[in-house]
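In: Predicted model and sequence follow; I will ask about them next.
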Protein chains: 2
Amino acid sequence: MNGQFQIAIHILTLLDQANDELLSSEYIAGSININPALVRKEIRNLRNYGLINSKEGKTGGYSLGKAPNNIALSDVYKAVKSHPALGQAKNLPNPACAVGRQINQHLDDLAAEVDTAIISKLTKITLADFSQKFK
Amino acid sequence: MNGQFQIAIHILTLLDQANDELLSSEYIAGSININPALVRKEIRNLRNYGLINSKEGKTGGYSLGKAPNNIALSDVYKAVKSHPALGQAKNLPNPACAVGRQINQHLDDLAAEVDTAIISKLTKITLADFSQKFK
DNA sequence: TTGTACTGTAACTTTTTTAATTACAGATGA
DNA sequence: TCATCTGTAATTAAAAAAGTTACAGTACAA
């Protein structure tokens, strides 16, 4: 997996600490040490999941879309996840082989089970819990 | 993550089905549909973990290093894993920011917790269980 | 009503990671 | 002593991720 989850959590933690004061993408980028456009891109995605509100214009910026104790880290995981954590088989195994013929299906099932375990773990932790560590 | 786990499971399943008959890297590569040198490279790693035996020379090939009911899928996961499943923060956040200063530590802790959950899940499934699906 | 400071988004480039290929030395048995 | 394997390194190619640049659109305020 890539660093999207880390960036998302970083952003959300900053927004929680800001206490509904709007933060700009430039400020957030300064804390993470990445490009503001990248922050905006990531936020666009999180906003689609209702995790962040944005306001355009001169006094614009970002704030949390929900109460931090109502944001489970699994929500963040689901929002940024593009592949199962175990990875996805991208080979095209030999269909003439009894194993090759059906392994991708079984591997996908397994990956789904693991993702379920991850989500179950992350559902127990809220953004409020995580953010608490910085106070 | 990359496809190493999938390839490793594929190889181990083939070896289990072979019932101690030695398989060549070329045969294995033919089932997975990848390059034999890649198979040998992956096997080198798995062998370091005692999961596979190899024999050189004309009648050489590969076999399981342990009984399949004694190989947990978590063993395979540990063998191929190079990064935590959640990903690793590779940014260098701003140390002047209260959040930036300590977030990587907390993110790493979280990633470790998630990895523990994955391993706990995969420990309950053996290669024998998985391989059973193909019989 | 005009300037300023933001967000939103697309297009592009660079970097990093992963996969694939090639080649050949070494081992073993027929 | 030849054929058929493994072991491994070096290289190239392909794919994915990260970073950059640019600019249109929006909203507030002087």
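Out: Perfect, I can see it now. Quick caveat: nothing in here was measured; it's all calculated off a predicted structure.
In: now stretch A:109-119: how far from the chain's centre is it?
Out: Distance of stretch A:109-119 from the chain centroid (CA atoms, centre = their mean, to the nearest Å) equals 16 Å.
In: so, in contact with DNA strand C or not, it?
Out: No: Stretch A:109-119 does not reach DNA strand C (CB under 7 Å from any atom of the strand); its nearest approach is 14.0 Å. The way it works is simple: take the backbone N, C-alpha and C, and place the C-beta from them, glycine included.
In: Restricting to C-alpha, output that stretch in CSV.
Out: Extracted in CSV, the C-alpha atoms of stretch A:109-119 (Å, rounded to 0.1, in the frame of the first residue of the first chain):
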residue,chain,number,x,y,z
ASP,A,109,-11.4,-14.7,-0.8
LEU,A,110,-8.5,-14.8,1.6
ALA,A,111,-7.6,-11.2,0.9
ALA,A,112,-11.2,-10.2,1.7
GLU,A,113,-11.1,-12.1,5.0
VAL,A,114,-7.9,-10.3,6.0
ASP,A,115,-9.4,-6.9,5.0
THR,A,116,-12.4,-7.7,7.2
ALA,A,117,-10.0,-8.4,10.1
ILE,A,118,-8.3,-5.1,9.6
ILE,A,119,-11.5,-3.2,9.4
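In: who's in contact with it?
Out: Here stretch A:109-119 makes contact (CB atoms under 8 Å, 6 or more residues apart in numbering or on different chains) with A:74, A:77-78, A:81, A:84-88, B:9, B:73, B:85-86, B:114, B:117-118, B:120-122, B:125, B:130.
In: Just the buried residues of that stretch, please?
Out: A:110-111, A:113-115, A:117-119 (16 or more other CB atoms under 10 Å in any protein chain shown).
In: just stretch A:8-27 next, same as before
Out: Across stretch A:8-27, burial judged by 16+ other CB under 10 Å covers A:8-18, A:23, A:25, A:27.
In: start to end distance for that stretch?
Out: 15 Å (CA to CA, to the nearest Å).
In: Touching it from outside, list them.
Out: A:28, A:31-32, A:36-37, A:39-40, A:42-43, A:46, A:51-52, A:55, A:59-64, A:68, A:71, A:73, A:76, A:79-80, A:127-128, A:130-131, A:134-135, B:91, B:93, B:98-100, B:103, B:107, B:110.
In: wait, does it contact DNA strand C?
Out: Yes: using CB under 7 Å from any atom of the strand, stretch A:8-27 comes into contact with DNA strand C via A:23-26.
In: How about stretch A:67-82?
Out: No: Stretch A:67-82 lies apart from DNA strand C when judged by CB under 7 Å from any atom of the strand; the minimum separation is 14.0 Å.
In: all strands for chain A, in order.
Out: In chain A, the strands defined using DSSP state E lie at A:52-55, A:61-64.
In: Which elements pack onto the first one?
Out: Counting by 3 or more CB pairs under 8 Å, 6 or more residues apart in numbering or on different chains; DSSP states H and E, the packing neighbours recorded for strand A:52-55 are helix A:4-18, helix A:36-48, strand A:61-64.
In: how far out from the middle of the chain is the last one?
Out: Using CA atoms, centre = their mean, the mean C-alpha position of strand A:61-64 is found 16 Å from that of the whole chain.
In: pLDDT on that strand, on average?
Out: The average pLDDT within strand A:61-64 is 98.
In: next one: the first one
Out: The predicted model gives helix A:4-18 an average pLDDT of 97.
In: so how far is that helix off the chain centroid?
Out: 10 Å.
In: What of stretch A:76-86?
Out: On CA atoms, centre = their mean, the centre of stretch A:76-86 falls 7 Å from that of its chain.
In: Apart from its neighbours in sequence, what residue is nearest residue A:93?
Out: Residue nearest to residue A:93 in three dimensions, not counting chain neighbours: residue A:100, with 3.3 Å by CB to CB, 6 or more residues apart in numbering or on different chains.
In: circling back: out of the strands of chain A, deepest packed?
Out: Stretch with highest mean neighbour count among the strands of chain A: strand A:61-64 (a mean of 20; mean count of other CB atoms under 10 Å in any protein chain shown).
In: Is DNA strand D within reach of it?
Out: No: on the criterion CB under 7 Å from any atom of the strand, strand A:61-64 is out of touch with DNA strand D, staying 11.1 Å away.
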